[in-house]
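Peer 1: with the input below, show me the fold.
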Amino acid sequence: MLTESSPLAPSSPSFGAATGIPFYAKDTHKFYSRRRKERQLQCIMFFTILATFIMALVITISYTIYNPLRSANDIDSKKDDMVTNSTPVNNIIPSSVAEDSISNEVETMHVPQTVLLSKKDSPQLTSKTAQTFINNNLDENELQKAIIAGKEAIRARQLADAQSDTLPPHSPSFLHQYAVNTNELSDEIAMVGVAEIAATKEIENERNSSGKPSSFGNFIKNEWISDNICMNEISKCEDLNGEYRTIDGSCNNPKNLGMAFTPFSRLLQPDYSNGIDSPRTSKLGSKLPSARKISYMVN
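Peer 2: Modelled structure (predicted):
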């Protein structure tokens, strides 16, 4: 009987025996071929399980990112909510601001966190001086027209967003839009910006046509947006030496610079051709050349 201890060949023949003829024990290769087949089967099973796991992982990630039905439904439902529930105009601009009590509100108002009209040479106003500045420059008629212009701008923007075509699934633009999708609070703040720009243009156009001086530097009562947005003062951080950064950027530095929903810190004052939102132009009033084109030609 052959076992693991069976020699492959018997001991050397005695002196004088015939030489040159190999003599081996029979059927010893069966044991080694069986072990080899077992190892091959184990390797095949291992790589099969590993390949199945990798394929399942890739399919799961691809379905999560590139699912056109779920992504399109999310965007379509978001558009519908913008018109119906998500961002109602009355919640952004309360009707009480446009009522007859608007003059009384202006008299008792304080300097808000959000500035309706701003310019690079506008003075830094305290609460008392700002109240006097508003009372002397913005009358009730101007405020009512500004509120109406803001509401109309919001309605037009919501209607345009609701009627816009959905981007083709799996297209680069669609994937980019899905990757930078914002939350409801950011959408409301964006709508407030649309209303403020429209209100500012309405007041400035009215003053230009009537020959009145510009109203840049005025404030409007902070009822267009929550007081918790764009706060200048933030509670002090207890631990500035944390191991990880916060998701909203708070307490990443002593002054909370770069925190979400806080005012931008500008290195340079804003510069617009019309003082509100138009891109900067040359001294002659013509459009500036493309910065990308100049960089391409220079380099």
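Peer 1: list the buried ones in the longest helix seen in the chain?
Peer 2: The residue-count maximum for a helix in the chain (DSSP state H) belongs to helix 29-66. With burial defined by 16 or more other Cβ atoms under 10 Å, not one residue of helix 29-66 is counted as buried. Using the backbone N, CA and C atoms, a C-beta is placed for each residue, glycine as well.
Peer 1: and stretch 260-275, by the same measure?
Peer 2: Applying 16+ other Cβ under 10 Å to stretch 260-275 flags Thr262, Gly275 as buried.
Peer 1: low-confidence ranges in this structure?
Peer 2: Where the chain drops to pLDDT under 70, the residues are 1-2, 4, 6-32, 66-137, 217-229, 231-235.
Peer 1: do you have the helices of it handy? List them.
Peer 2: 29-66, 68-84, 89-92, 102-107, 127-137, 140-163, 172-179, 184-210, 291-298.
Peer 1: which residue ranges make up each domain of this structure?
Peer 2: 27-59, 71-225, 231-274 (automatic domain parsing).
Peer 1: hang on, the earlier thing: taking helix 172-179 as reference, get the angle to the longest helix of the chain.
Peer 2: 90 degrees (axes from the mean of the first three to the mean of the last three Cα atoms, to 10 degrees).
Peer 1: can you tell me which helices and strands helix 29-66 packs against?
Peer 2: Applying 3 or more Cβ pairs under 8 Å, 6 or more residues apart in numbering; DSSP states H and E, we find helix 29-66 packed against no helix or strand.
Peer 1: how many neighbours does Ser215 have?
Peer 2: If you count neighbours by other Cβ atoms under 10 Å, Ser215 ends up with 20.
Peer 1: just confirm it contacts Asn205, I think it does.
Peer 2: No. If you go by Cβ atoms under 8 Å, Ser215 and Asn205 don't touch, sitting 11.1 Å apart.
Peer 1: burial count for Glu202?
Peer 2: Residues near Glu202, counting by other Cβ under 10 Å, number 19.
Peer 1: tell me who's in contact with it.
Peer 2: Lys145, Ala146, Ile148, Ala149 (Cβ atoms under 8 Å, 6 or more residues apart in numbering).
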